[in-house]
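**Student:** one predicted model, sequence on top.
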Amino acid sequence: MARFLALSEAISTLVRDGDTVAMEGFTHLIPFAAGHEIIRQGRRDLTLIRMTPDLIYDQMIGMGCAKKAVFSWGGNPGVGSLHRLREAIQASWPCPLAIEEHSHAAMANAYEAGAAGLPMAVFRGYRGAELPRVNPNIREVTCPFTGEVLSAVPAHRPDVGIVHAQRADREGNVLIEGIVGVQKEVVLASKRSLVTVEEVVDDLQAGSPNSVILPHWTIGTISLVPGGAYPSYAHGYYGRDNGFYKTWDAIARDRGSFLAWMKENVLDKGPEAFAIHAKKAA
């Protein structure tokens, strides 16, 4: 059965220096609060996995948490580049950052393989693509039954998988609604898992057919963090703060403005700030 811990205790217990950490949520339910707590606790040398590293990984990379990023697309959605990611790669500030780039299909299949306990993912893909030239972890295998040549990548088996969800019940079952990405696969593939939720309820009922329920026996730890996905959105709770994504472009371009913003809004504050912002976005 999943255990319930405060976010600070959950991160201090689950995330260690040098870990491989996957934080997923496609478009919405991005676990910003958990990422900020990792920053506050000063974790270092992390390998960060995410299909679409956006603002939260830009912040974690800029604060020196990461040594490597494994991803399939990186940017500020609808706005432009991730300036902290770019400077870490190009100028090694605040520390060098290695990158391993894949396609979306490869990342999703790698999570599924990890969830199934397999060492690799095999799929049709990368035909005519250039990524295999720069990523040695993209290989080819021949099907022993048909002779077809297929692509293969290592399975994702993170040390820690972190996702955000709408609700959990008191037994530790979790409900995810709206746009569903690879949250289920991340939890199942990871050695240790954390789900932050908007609320804890007595009766967990799916409100729409596009829902995923994670049984309590699949989850390690749950933290109650209202607003924990802000400035992304949580379907049924609050909207996406599009203005912040635009504002972030200017904040992150300069080291000084970036560090000042992080001190004021992350280092000097706790998860309760997310609830305040999310109410305004509701």
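**Tutor:** Received it, and whenever you're ready, just let me know what you need. Source: prediction; values computed, not measured.
**Student:** how near is residue 64 to residue 34?
**Tutor:** Taking CB to CB, to the nearest Å as the measure, residue 64 falls 17 Å from residue 34. (Each C-beta comes from the backbone N, C-alpha and C, glycine too.)
**Student:** apologies, that question was intended for residue 12.
**Tutor:** Residue 12 is 12 Å from residue 34, by CB to CB.
**Student:** give me the more crowded residue out of the two.
**Tutor:** Comparing residue 12 with residue 34 by other CB atoms under 10 Å, the one with more neighbours is residue 34, at 29 against 15.
**Student:** element containing that one?
**Tutor:** helix 32-40 (DSSP states H and E).
**Student:** what is that helix packed up against?
**Tutor:** helix 7-14, strand 20-24, helix 55-62, strand 160-169, strand 192-201 (3 or more CB pairs under 8 Å, 6 or more residues apart in numbering; DSSP states H and E).
**Student:** packing partners of the second one?
**Tutor:** Helices and strands touching strand 20-24, by 3+ CB pairs under 8 Å, 6+ apart, are helix 32-40, strand 46-50, strand 160-169, helix 183-189.
**Student:** the nearest residue to residue 31 once chain neighbours are set aside: what's it in contact with?
**Tutor:** Among residues not flanking residue 31 along the chain, residue 164 sits closest, at 4.3 Å (CB to CB, 6 or more residues apart in numbering). Counting by CB atoms under 8 Å, 6 or more residues apart in numbering, residue 164 touches 25, 29-34, 195-197, 225, 228-229, 234.
**Student:** quick check, nearest of those to residue 175?
**Tutor:** Nearest to residue 175 out of the contacts of residue 164 is residue 197 (CB to CB; 8.6 Å).
**Student:** next one: the closest one from residue 17, what distance?
**Tutor:** Counting by CB to CB - residue 197 and residue 17 are separated by 26 Å.
**Student:** do residue 241 as well
**Tutor:** 31 Å.
**Student:** of these two, who's got more company?
**Tutor:** Higher neighbour count among residue 241 and residue 17: residue 241, with 18 against 11, using other CB under 10 Å.
**Student:** just checking, that one touches residue 230?
**Tutor:** Yes: in this structure, residue 241 is within contact of residue 230 by CB atoms under 8 Å, at 6.7 Å.
**Student:** still on that earlier bit, make TSV from the contacts of residue 164 and add distance to residue 210 and pLDDT to it.
**Tutor:** Shown next, in TSV, are the contacts of residue 164 (distance: CB to CB, whole Å; pLDDT from 0 to 100):
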residue	distance to residue 210	pLDDT
25	15	95
29	13	97
30	18	97
31	20	97
32	22	97
33	24	96
34	24	97
195	18	98
196	20	98
197	18	98
225	23	96
228	21	96
229	17	96
234	14	96
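**Student:** as JSON lines, the residues you listed with distance to residue 144 would be great.
**Tutor:** Formatted as JSON lines, the contacts of residue 164 follow (distance: CB to CB, whole Å):
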{"residue": "25", "distance to residue 144": "37"}
{"residue": "29", "distance to residue 144": "40"}
{"residue": "30", "distance to residue 144": "40"}
{"residue": "31", "distance to residue 144": "40"}
{"residue": "32", "distance to residue 144": "45"}
{"residue": "33", "distance to residue 144": "46"}
{"residue": "34", "distance to residue 144": "42"}
{"residue": "195", "distance to residue 144": "39"}
{"residue": "196", "distance to residue 144": "43"}
{"residue": "197", "distance to residue 144": "44"}
{"residue": "225", "distance to residue 144": "47"}
{"residue": "228", "distance to residue 144": "46"}
{"residue": "229", "distance to residue 144": "44"}
{"residue": "234", "distance to residue 144": "45"}
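**Student:** give the PyMOL command for selecting the buried subset of the residues you listed.
**Tutor:** Remark: buried members of those, expressed as a PyMOL selection using 16 or more other CB atoms under 10 Å:
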select buried, resi 25+29+30+31+32+33+34+195+196+197+225+228+229+234
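**Student:** for residue 126, which non-adjacent residue is spatially closest?
**Tutor:** For residue 126, the closest residue by CB to CB, 6+ apart turns out to be residue 151, at 4.6 Å.
**Student:** looks like the one you found contacts residue 124 (just checking).
**Tutor:** Yes: here residue 151 reaches residue 124: they are 7.0 Å apart, a contact under CB under 8 Å.
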